[in-house]
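>>> The following comprises the amino acid sequence and a computationally predicted model.
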Amino acid sequence: MSTESTVTTETTHPTEMTSSERLSVVASRELAGRRTVFAGIGLPTLAASLAHLTVAPRLEIVYESGVCGAHPSHLPETIADAVLITGAEAVLSMPALFGYVLQGGHIDVGFLGAAQIDKWGNLNTSVIGDWDAPKVRLPGSGGAVEVMANSREVFVVMRRHDPRSFTEKLDFCTTPGPDRALEEGVRPLGTGVTRVITELGILAREGVGEELKLVAVHPGVTVDQVRENTGWDLAVADTVETVQPPSAEELRLLREDVDPDRVYLR
Amino acid sequence: MSTESTVTTETTHPTEMTSSERLSVVASRELAGRRTVFAGIGLPTLAASLAHLTVAPRLEIVYESGVCGAHPSHLPETIADAVLITGAEAVLSMPALFGYVLQGGHIDVGFLGAAQIDKWGNLNTSVIGDWDAPKVRLPGSGGAVEVMANSREVFVVMRRHDPRSFTEKLDFCTTPGPDRALEEGVRPLGTGVTRVITELGILAREGVGEELKLVAVHPGVTVDQVRENTGWDLAVADTVETVQPPSAEELRLLREDVDPDRVYLR
Amino acid sequence: MDKTMTMREAISSFVHDGDTVALEGFTHLIPTAAGHEIIRQGRRDLTVVRMTADIVVDQMLAAGCVSRLVSSFVGNSSAGSLGELRRRVEKADPEPLVFEEYSHYGMICRYLAGAQRLPFYPLRSYGGSDLPAVNEGLRKVTSPYPGPDDEPEQVYVVPPVNPDVTIIHAQRADRSGNTQIWGLTGVQAEAVYAADKAVVVVEEIVEDEVVRSDPNRTVIPAHAVDAVVACPRGAHPSFAQGYYDRDNAFYRAWSGISKDPDRLQAWLKEWVYDTADHAEYVSKLGEEFWDSLAVGEALSLPVNYGRRL
Amino acid sequence: MDKTMTMREAISSFVHDGDTVALEGFTHLIPTAAGHEIIRQGRRDLTVVRMTADIVVDQMLAAGCVSRLVSSFVGNSSAGSLGELRRRVEKADPEPLVFEEYSHYGMICRYLAGAQRLPFYPLRSYGGSDLPAVNEGLRKVTSPYPGPDDEPEQVYVVPPVNPDVTIIHAQRADRSGNTQIWGLTGVQAEAVYAADKAVVVVEEIVEDEVVRSDPNRTVIPAHAVDAVVACPRGAHPSFAQGYYDRDNAFYRAWSGISKDPDRLQAWLKEWVYDTADHAEYVSKLGEEFWDSLAVGEALSLPVNYGRRL
């Protein structure tokens, strides 16, 4: 155990913790040692900003809007917030950002969300129901198709963990993982989704050909609970860890340094 | 006759005129009404700059280096001369210049030179002799292949008019006109070479499927002289005009305003 | 050549019923005022091309201007839903909307192909996606070079988009159309070069010397621009870096406004139809409001372009 | 992360015998000093990729560093010939040179494909040219969309180039590699992104605040850069906009120097082998010489990036 672990074993107050805080902290730890992360605003930014202060001091957040090396004076409210631009190290055009940085293979970890995910980490952000006459029209891909195809790995953060979101069959596959791409002879760069972080625990997948497997649960959550809330026959690791609760130090950094105005820590 | 023609009929002194002056003036007239010209340094710049002062007041010179709307303090010595950049309206990256401006179809007239030209306006700037073991290795295309394929029309200025340069068969076709491109099913935007301006006169070609035809000779040059100096069986227009000699006003502008230091008017 | 005109002149000259109109600006510099003038002039049957179809698109849909939408993100930023768009797509209410769905880079590559007059543009997206099943624009090409392991390699391609007109908003331009943008520059240059005609709306028209003091700042040269429209605060509710900030409250409010068709139509009446032009819209919002979006100063340090001695 | 190192360290760390080395800079900001250090360190069997193979390439050829050249223009600007290159190509003297000939846009598209990790890049050049007959890199693809008149449309494509290392010269960078260039920016960003490793040589290393005062000026972000080398006047005889002018006299002199192999070798001995580094080369040229290339001031006007109030 390193000296930092003294800090992480201090008493924490999980009952006072919001779901956003818990998810941000857990996601931040998964970024240990990573160099570049492609993140949207909200939980991914919180996770990346916290990781920058803890496990990944050299982490650079690249924003879909074209900002590299931001040094914002305030917590940004969107990926294009003016405070991200002033004082940034570089602002790129979208062809450069998507073409050279993302498709060029410079992103270690991409963060994505989705309305639905399946066991291979394929994502739906287009529609609930039929594409032609949907029950709900969702926003669509944005850059998600590109983030999945070109990041070395992808982390998915899903607040909701229920059988409708974790589904055997997507209503529509907007953003395919590499398994689906390879089936039709197209070769993506990355390994697709490697971590899914939810209110119940962590699913993980090491690479092409593997399905998502439950590897950890939050304190107080059982494996059966996760199984019941997953819409497919969930694979479970031989040893399911219990997620270490956010430490007092992690929470302090998150609350005092990363999001003092609690813009996202609601 | 317009009032300007009073000026052009003033006595000129052709014997005092250099070949560069004559070619620049003749080329400048061909730019009447054109909007954008893609020009290298030397005669093309002189011609375009003079046209800007006479027959084409709205003419913009676009340089291969990426400069648009230059307002140089001194006559540039290269297409990348620092004096072209300071005070310019825009400086573009090469992907933007070649991709958006040139291939995008924004160039009315491209100027090219060559070591050899054939009757269809195909050009050789690569080698004299065999490509694999050339007698003379020439610089190659530069952007000529793109200028030919994408400009609405191309003007070629050749100081030397002799059978080795005006050849039945190019040693190597670096830069094809549209006729050669169409033969292999590739469709260029422009019509290829429409004017060849030489020390003997002007060859012209209206478009795809036509070969170059002698349309004008300089004063004192005969049609037979041009035929003898052309390496193919030269087509001749029904009426061959005599090129109007540079007017006093054209020469004055060229000498006093365009190239007062006689950098190129040697 | 002086290309300045009023917004009214620019829209009436360059946007016609049935046209394909690209409106670009990624969160930053959204050409809202131009969209409003299109609504005022009652254009119909437009194909709108816009990566992030957001509030201005919802408004144009609600005003009945648009029959076809080409986009890669149809949402109200991260602030909620587009009510009109969802009614059109989910229930064909009040009429159907043809929707061509892409991803962001797919849209970018369509502009790149359009700007470069290419028949297609390759990209490493879409393998395994259901999008090609609902969008026949997404096709595959086999590379003529051997792939890794010497096997043949396939990639998806997208077709060019060549709008009849592209409209963008920028910080400043000179009268002939040399356009300077800083902060997020998005895909504006490509969208302009892809178009047959281009309208640049700016916060301010500046003297030639301003532009020429920094030619690298010119994102779009004059030869690609057909009209220059001075329209301060014309990007509201989005922002113009260095001029005014984003109106986040309005983004949040839009979900509620657009959810109720009557409220949405009332909003259009009050803020678009009943304002003569954007200047009236701006003054109707009031000085206090604009003060709340004001930004302070953070000037770029100069660079030396040099001068021959 | 501080990536600064000396030129000696950078070349010895990132350029190895047999490597493919891209040196870019279109007339402006040619990385001459880096080429000289490659010569000093005696690298062999390099593939040099450079759009305009000019004086620095002729020097590297004469020093025996290069076995293969990929280029679209092999000439001494408009000032004359490259003697060594012509001997190598015309007479295999003193040894053959493998030459891959492209056009400028063909080279640009190879960098674009390399930077975007594409298997090929399409362009509207080469139809009817003899170049595809001597360069098997130039191939054709049929567009999956109907062309004009609904006939199938063919275009040429070029393969990506992914150099082992790209070396460029720039005006300034911060210590982590955020690189700012003004004036002609050429194909530098694409050449850097296409490469496995990238070395940026700069006129000056500046404080973070200088770069961050104008993030749009950053042509290459730090994440794409592996080494930052401070080397003032390292682009001579080419120029650095705002720092020093082009040495046109040396361009004109090179035709004569390079025409005579003995004179060329004597030049290399005096100016490269017998100088320890570029600083010695600079001081050997003398202050009076540098005064003749000095430029005056033409500062860009600032823009406001804004600050939240």
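Noted; the coordinates are in hand. Numbers count the residues shown, from 1 in each chain, chains lettered A, B, ... in the order given.
>>> Tell me the secondary structure of A:Q244, please.
What DSSP: H, G, I helix; E, B strand; the rest coil gives for A:Q244 is coil.
>>> Just the pLDDT for it.
pLDDT, A:Q244: 94.
>>> try A:R266
pLDDT recorded at A:R266 is 66.
>>> and if you look at A:G40?
77.
>>> cool, C:E151 as well?
88.
>>> continuing past the helix or strand of chain A with the lowest mean pLDDT, what's the next helix or strand?
Confidence across the helices and strands of chain A bottoms out at helix A:3-8, with a mean of 35, counting by mean pLDDT, DSSP states H and E. Next along the chain after helix A:3-8, taking DSSP states H and E as the criterion, comes helix A:19-30.
>>> which secondary structure elements does that next one contact?
helix A:43-53, strand A:153-158, strand A:193-198, helix A:248-252 (3 or more CB pairs under 8 Å, 6 or more residues apart in numbering or on different chains; DSSP states H and E). Quick note: C-beta positions are derived from backbone N, CA and C, even for glycine.
>>> in the first one, what counts as buried?
Using 16 or more other CB atoms under 10 Å in any protein chain shown as the burial criterion, the residues of helix A:43-53 that qualify are A:43-53.
>>> Closest to chain D out of the residues you listed?
Of all the buried residues of helix A:43-53, the one with the least separation from chain D (CB to the nearest CB) is A:H52, at 13.1 Å.
>>> Next, count neighbours for A:D118.
Residues within reach of A:D118, counting by other CB atoms under 10 Å in any protein chain shown, total 22.
>>> can you check A:K119 too?
Counted with other CB under 10 Å, A:K119 comes out at 20.
>>> thought it was touching A:L212?
Yes: if you go by CB atoms under 8 Å, A:K119 and A:L212 touch, sitting 5.4 Å apart.
>>> Overlap in contacts, the two.
Counting by CB atoms under 8 Å, 6 or more residues apart in numbering or on different chains, the common neighbours of A:K119 and A:L212 are A:234-235.
>>> so where do the helices sit in the stretch 1-150 of chain A?
A:3-8, A:19-30, A:43-53, A:82-85, A:94, A:144-150 (DSSP state H, counting those that start in this stretch).
>>> Oh, that last question was meant for the stretch 1-150 of chain C, not what I typed.
C:7-14, C:32-40, C:55-62, C:83-91, C:104-115, C:131-134.
>>> Figure out which of those helices is closest to chain D.
The nearest among these, by CB to the nearest CB, is helix C:104-115 at 8.6 Å.
>>> Give me the number of neighbouring residues for the residue of chain A found nearest chain B.
For chain A, the residue closest to chain B is A:P95, as judged by CB to the nearest CB, at 8.9 Å. Neighbourhood size, A:P95 [other CB under 10 Å]: 24.
>>> C:G186 is in contact with that one, correct?
No: between A:P95 and C:G186 there is no contact under CB under 8 Å: 9.4 Å.
>>> which stretches of the stretch 51-200 of chain A form strands?
In the stretch 51-200 of chain A, the strands defined using DSSP state E, counting those that start in this stretch lie at A:60-62, A:67-68, A:90-91, A:109-112, A:116-117, A:123-124, A:127-129, A:134-137, A:153-158, A:193-198.
>>> ok, is the last one in contact with chain C or not?
I take that to be strand A:193-198. No: against chain C, strand A:193-198 shows no contacts by CB under 8 Å from any CB of the partner chain, the least distance being 13.0 Å.
>>> Same list (the helices and strands packed on helix A:19-30) but as TSV, adding distance to D:L131.
Output for the helices and strands packed on helix A:19-30, formatted as TSV (distance: least, CB to CB, whole Å):
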stretch	distance to D:L131
helix A:43-53	47
strand A:153-158	42
strand A:193-198	45
helix A:248-252	60
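>>> ranking the ones you listed by mean pLDDT, which is last?
helix A:43-53 (a mean of 91).
>>> can you give me how far that one is from the chain middle?
Offset of helix A:43-53 from its chain centre (CA atoms, centre = their mean, to the nearest Å): 10 Å.
>>> Now do that helix: everything it contacts.
Residues outside helix A:43-53 that contact it (CB under 8 Å, 6+ apart): A:20, A:23-25, A:27-29, A:31-32, A:34, A:37, A:39, A:59, A:61, A:75-76, A:111, A:155, A:157, A:250, A:253-254, A:257-259, A:264-265.
>>> Lovely, talk soon.
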